[in-house]
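K.L.:
here are the coordinates; sequence isn't available:
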């Protein structure tokens, strides 16, 4: 599913990252706690989050997640947008709640989630 | 080469910067993305812990051709019960930190999962020193 399709399904505004609109994504991760994001591994992931602070951008960047959707009508600050833009990331914002946003993407065919990383021994 | 960072404890807008910079440096040296991600995640969790619990500290990342060693040191309150802290879901993060997106109780487990060697030297009231080693399997650039 491309970023363009995700934006349409979520009635989302693209805040930055126009060049990624045709990027294909294979899985989604919905989380507000960043360590939970880091416990999952998958390439080509879109992150849906209600967490709007620089750590959301940094966590995504560290995990090679290039696309972040802010849910519940939240918008990132100018500094966050600048950091994401310089990282080459796309940011989107939707008014849908986390539950509905995830549900809409799932219904539209984005069914894969992140894979749980092996448990620490 | 060794990269040194002072991690401030009072400015959340900077929290995670050191890990981001180490990731950039490793990327420039040509370290493969999977190994790079392991270093980044383990260090980021340790860095955030230092900010959240210990009022900041110092971080040193030593990059060698076959491994990356990250040592993070603080003079914070130390970890009361290391065994409990290693359990997934166990967290002592205060409510204000949960609101910032931390306190999932995955910090130490994520460090363990992403490092080849992890040592946590801690004593209540004295501070904590975390040593993370990630081995690099693919050749790095000539500057490594």
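P.N.:
Yep, that arrived. If you're wondering where the values come from, they're calculated on a predicted model, not measured in any experiment.
K.L.:
Now do the strands for chain A: every range, in order, please.
P.N.:
In chain A, the segments counted as strands under DSSP state E are A:13-16, A:27-30, A:40-41, A:45-49, A:67-70, A:90-93, A:112-113, A:115-116.
K.L.:
my bad, should have said chain B
P.N.:
Listed in chain order, the strands found in chain B under DSSP E are B:2-8, B:56-63, B:67-74, B:117-123, B:127-135.
K.L.:
now for these, which one comes closest to chain A?
P.N.:
strand B:117-123 (8.8 Å; Cβ to the nearest Cβ). Yep, even glycine has a C-beta here, placed from its N, CA and C like the rest.
K.L.:
Redo the strands of chain A as a markdown table? Include mean neighbour count and distance to chain B.
P.N.:
Shown next, in a markdown table, are the strands of chain A (neighbours: other Cβ atoms under 10 Å in any protein chain shown; distance: least, Cβ to the nearest Cβ, whole Å):
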| stretch | mean neighbour count | distance to chain B |
| --- | --- | --- |
| strand A:13-16 | 17 | 18 |
| strand A:27-30 | 21 | 13 |
| strand A:40-41 | 18 | 8 |
| strand A:45-49 | 24 | 8 |
| strand A:67-70 | 26 | 12 |
| strand A:90-93 | 22 | 16 |
| strand A:112-113 | 15 | 16 |
| strand A:115-116 | 10 | 10 |
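K.L.:
Look up how far chain B lies from the nearest residue to residue A:1 once chain neighbours are set aside.
P.N.:
Spatial nearest neighbour of residue A:1, chain neighbours left out: residue A:110 (4.8 Å); criterion: Cβ to Cβ, 6 or more residues apart in numbering or on different chains. In this view, residue A:110 and chain B are 22 Å apart by Cβ to the nearest Cβ, to the nearest Å.
K.L.:
Quick check, pLDDT for residue A:119.
P.N.:
Residue A:119 carries a pLDDT score of 57 in this model.
K.L.:
swap in residue B:107?
P.N.:
89.
K.L.:
What's the local residue count around the residue lying closest to it once chain neighbours are set aside?
P.N.:
The shortest distance from residue B:107 to any non-neighbouring residue, by Cβ to Cβ, 6+ apart, is to residue B:45 (4.5 Å). By the criterion of other Cβ atoms under 10 Å in any protein chain shown, residue B:45 has 29 neighbours.
K.L.:
Hmm, residue B:45 is touching residue B:115, no?
P.N.:
No - using Cβ atoms under 8 Å, residue B:45 makes no contact with residue B:115, being 10.0 Å away.
K.L.:
coming back round to it: comparing the strands of chain B, which comes out most buried?
P.N.:
Across the strands of chain B, averaging neighbours per residue (mean count of other Cβ atoms under 10 Å in any protein chain shown) puts strand B:67-74 on top, at a mean of 22.
K.L.:
what angle separates that one from strand B:2-8?
P.N.:
Here strand B:67-74 points in a direction 30 degrees away from that of strand B:2-8 (axes from the mean of the first three to the mean of the last three Cα atoms, to 10 degrees).
K.L.:
what helices or strands is strand B:67-74 leaning on?
P.N.:
helix B:17-28, helix B:33-54, strand B:56-63, strand B:127-135 (3 or more Cβ pairs under 8 Å, 6 or more residues apart in numbering or on different chains; DSSP states H and E).
K.L.:
Tell me how far the last one lies from the chain's centre.
P.N.:
Once both centres are worked out by Cα atoms, centre = their mean, to the nearest Å, strand B:127-135 turns out to sit 7 Å from its chain's centre.
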